[in-house]
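Undergrad: Coordinates only, no sequence provided:
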Ligand SMILES: Cc1cc2nc3c(=O)[nH]c(=O)nc-3n(C[C@H](O)[C@H](O)[C@H](O)COP(=O)(O)O)c2cc1C
């Protein structure tokens, strides 16, 4: 064999060895990637909702419950309970619910009443007072698809006159949450939870009802980390 031919064979041998080694590394990398993904999923399952069963996050807020909608450019001065976000106008209870749903990989559900509230804040306060005195239980427009699939139900709503908003009572009338954990998030302007947690425990005697957080309306927009940490 001449020298040229020998050199060629040697080069080819070296080349195929390096290709093989490179393939081996990338296969190993894929295995490591897969292992990491699996570990993340397992960690999520241990800390999140998956290992405990599915989570449903239910919220009630003024948005979606007014007949007229809100005037363009509405702000905290004209409508104390609303937050202008990059995604549009949101209620405090809705923002909390969205963070919780994201953190728990849960489903989200908005309670919408057939009996609408005025867009005007003071008029809503007045109507809510009358409804409370009348023990109103407004019919709901929205309904949960198969409540039985959920192990945990997170409730997020505003404190209205030291109590649950009436459509939230209607929600508890509609569903039996026996055997489920119910975690309560309340937004307010000073009253905190009031008696909302014990009221829910009375309405759902078979459920394990506990506090999540109570957050002042004006503090909600800065509470994302606190909310997410509270449900981990
Ligand atoms: C009808 C009505 C009644 C309210 N009653 C109370 C109350 O008794 N105590 C309190 O601290 N805040 C009260 N608030 C303030 C709300 O709980 C607070 O603004 C809350 O952050 C609103 O949440 P939302 O944006 O999800 O509607 C009331 C607000 C409304 C509209």
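TA: It's in. No experiment lies behind these values; they were computed from the predicted model shown.

Undergrad: Just the element for the spatially most central residue of the chain, please.
TA: For the chain, the residue nearest the mean C-alpha position is residue 101 (2.2 Å; C-alpha atoms, centre = their mean). Assigned by DSSP states H and E, residue 101 belongs to helix 92-104.

Undergrad: nearest spatial neighbour of whichever residue of the chain sits closest to the ligand, skipping sequence neighbours?
TA: As assessed by C-beta to the nearest ligand atom, the ligand sits closest to residue 217 within the chain, at 2.7 Å. To be clear about C-beta, it is placed using only N, CA and C from the backbone, and glycine gets the same treatment. Nearest residue to residue 217 in three dimensions, chain neighbours excluded: residue 92, at 4.9 Å (C-beta to C-beta, 6 or more residues apart in numbering).

Undergrad: Look at the one you found and say how many residues are nearby.
TA: 30 (other C-beta atoms under 10 Å).

Undergrad: do the same with residue 133
TA: 9.

Undergrad: Please apply the same query to residue 84.
TA: 13.

Undergrad: quick check, the strand or helix carrying residue 127 touching the ligand?
TA: For residue 127, the element it lies in under DSSP H and E is helix 121-133. Yes: contact between helix 121-133 and the ligand, assessed by C-beta under 6 Å from any ligand atom, occurs at 124-125, 128.

Undergrad: where does this structure come near the ligand, residue by residue?
TA: Going by C-beta under 6 Å from any ligand atom, the residues of the chain near the ligand are 61-62, 80-82, 91-93, 124-125, 128, 158-162, 187-191, 217.

Undergrad: Tell me where the model's unsure across this structure.
TA: 1-52, 68-82 (pLDDT under 70).

Undergrad: List the residues that contact the residue nearest to residue 217.
TA: Contacts here follow C-beta atoms under 8 Å, 6 or more residues apart in numbering; on that basis residue 92 touches 61, 81, 83, 158, 187, 215, 217, 220.

Undergrad: Might one say that residue 98 is in contact with residue 108?
TA: Yes: contact criterion C-beta atoms under 8 Å: residue 98 and residue 108 qualify, at 6.8 Å.

Undergrad: List of residues touching stretch 186-196?
TA: Contacts to stretch 186-196, defined as C-beta under 8 Å, 6+ apart, come from residues 80-81, 92-93, 96, 156-159, 162-164, 184, 211, 213-218, 220.
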